[in-house]
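Visitor: Coordinates for the following, if possible.
(one chain, ligands or ions: 1)
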Amino acid sequence: MGQLTLENVTKSYGANHVLQDITLSVEEGEFVSIVGPSGSGKSTIFQLIGGLYSPDEGKISLDGSVLNNSRGHISYMPQSPALFPWRTVVQNVEVSAEIAGTKIDRTKTLELIKNAGLSGYEGAYPSELSGGMKQRVSFIRSLNAPQSIICLDEPFSALDEFTRLEMQQWLLSIWETNRKSILFITHDIDEALFLSDRILVLSEKPAVVKEEIIVPFSRPRSEELLLSDPFLALKREIYSLLRG
Ligand SMILES: Nc1ncnc2c1ncn2[C@@H]1O[C@H](COP(=O)(O)OP(=O)(O)OP(=O)(O)O)[C@@H](O)[C@H]1O
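Guide: Below is the predicted model of the structure:
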């Protein structure tokens with residue numbers, strides 16, 4: 001479960017033509033990133049997948065069922081961690097199951113918290129956590145949600161460079177043991193290349209999928225990859241696609 005497809009999706013806000021004929025897919029357990037110029041409509045794609053708006057044309061499906069304009073089918077992790085300040089770490093991680101009315105599995109919650117390196121913080125409140133720790137809680141909340149696909153909208157952009165790299169490595173290690181499908185938005189080409197199986201490069205608005213890049217690097221991936229020649233060659237290719 002967790003196969004998402006967009007077929008010929010077009011969207012305008014009034015006269016503002018944002019997306020033109022977007023066709024993409026995320027296969028079960030796959031990690032796909034979207035990169036594109038600022039304002040090209042990346043977040044709009046998430047808003048359509050999340051059912052906040054309806055596409056003007058085209059079809060969005062999850063596991064074969066059409067999603068157009070229907071909510072609650074995806075797990076969404078925003079740029080800021082958006083934790084409930086009055087709830088503890090355990091209570092924040094369990095909130096998505098509570099909202100969906102599915103059974104809460106405390107053993108699984110505690111296991112996720114432990115694997116996230118947050119043992120000892122189960123009863124802590126968000127105000128007692130660092131920025132990186134809050135993002136970990138936010139991500140394991142998404143992993144703990146009953147939905148089979150997670151959409152992440154630039155989740156690490158507010159973190160400093162060192163914490164960001166640490167979080168990317170952490171995200172990969174935890175995702176490799178909990179392989180949910182992921183659709184990830186980022187401005188950062190290094191981040192997209194380091195994390196993804198495939199990268200979709202969007203054009204300027206009205207956005208089309210300009211290129212699909214299959215990322216050939218084997219997993220698990222380590223920091224050294226970031227300075228390797230094949231990595232830098234692909235980075236140059238994506239950079240020139242975005243520039244041109
Ligand atoms: N709810 C909305 N109502 C009207 N216009 C919107 C709405 N959301 C986005 N837009 C417009 O759609 C266009 C694309 O915005 P969107 O936020 O999807 O782009 P983006 O690629 O995510 O941008 P960025 O990289 O800067 O975050 C912009 O022109 C924006 O003003």
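Visitor: got the contact list for the most far-flung residue of the chain relative to its centre?
Guide: Centroid-distance maximum for the chain: Ala15 at 28.7 Å, with CA atoms, centre = their mean. If you count contacts by CB atoms under 8 Å, 6 or more residues apart in numbering, Ala15 has none. The C-beta positions use only the backbone N, C-alpha and C, and glycine is treated the same way.
Visitor: Report the separation between it and Pro206.
Guide: Distance of Ala15 to Pro206, given as CB to CB, to the nearest Å: 11 Å.
Visitor: for Gln3, same thing?
Guide: In terms of CB to CB, Gln3 sits 26 Å off from Pro206.
Visitor: Thr44 now?
Guide: Distance of Thr44 to Pro206, given as CB to CB: 11 Å.
Visitor: how much space is there between the residue farthest from the centre of the chain and Gln135?
Guide: Distance from Ala15 to Gln135, counting by CB to CB: 37 Å.
Visitor: is it true that Thr5 lies in a strand?
Guide: Yes: the assignment for Thr5 by DSSP: H, G, I helix; E, B strand; the rest coil puts it in a strand.
Visitor: burial count for it?
Guide: Applying other CB atoms under 10 Å, we find 18 residues neighbouring Thr5.
Visitor: What of the one 3 residues further on?
Guide: A count of neighbours around Asn8, defined by other CB under 10 Å, yields 12.
Visitor: What helix or strand is it located in?
Guide: Secondary structure assignment for Asn8, by DSSP states H and E: strand 4-13.
Visitor: What of Gln47?
Guide: Using DSSP H and E, Gln47 falls in helix 42-49.
Visitor: Could you check the angle that helix makes with strand 4-13?
Guide: Taking axes from the mean of the first three to the mean of the last three CA atoms, to 10 degrees, helix 42-49 and strand 4-13 form an angle of 110 degrees between their directions.
Visitor: helices or strands up against helix 42-49?
Guide: Applying 3 or more CB pairs under 8 Å, 6 or more residues apart in numbering; DSSP states H and E, one finds that helix 42-49 makes contact with strand 4-13, strand 16-26, strand 149-153, strand 181-185.
Visitor: Confidence-wise, which of those is weakest overall?
Guide: Here the lowest mean pLDDT among the helices and strands packed on helix 42-49 goes to strand 149-153, at a mean of 92.
Visitor: Provide a list of residues in contact with Trp172.
Guide: Trp isn't right for residue 172; it's Leu. Going by CB under 8 Å, 6+ apart, Leu172 touches Phe194, Leu195, Arg219, Pro220, Arg221.
Visitor: Do I have it right that Ile185 meets Ser38?
Guide: No: if you go by CB atoms under 8 Å, Ile185 and Ser38 don't touch, sitting 11.5 Å apart.
Visitor: who has more neighbours, these two?
Guide: Ile185 (21 against 8).
Visitor: gap between the residue farthest from the centre of the chain and the ligand?
Guide: The spacing between Ala15 and the ligand, counted by CB to the nearest ligand atom, to the nearest Å, is 10 Å.
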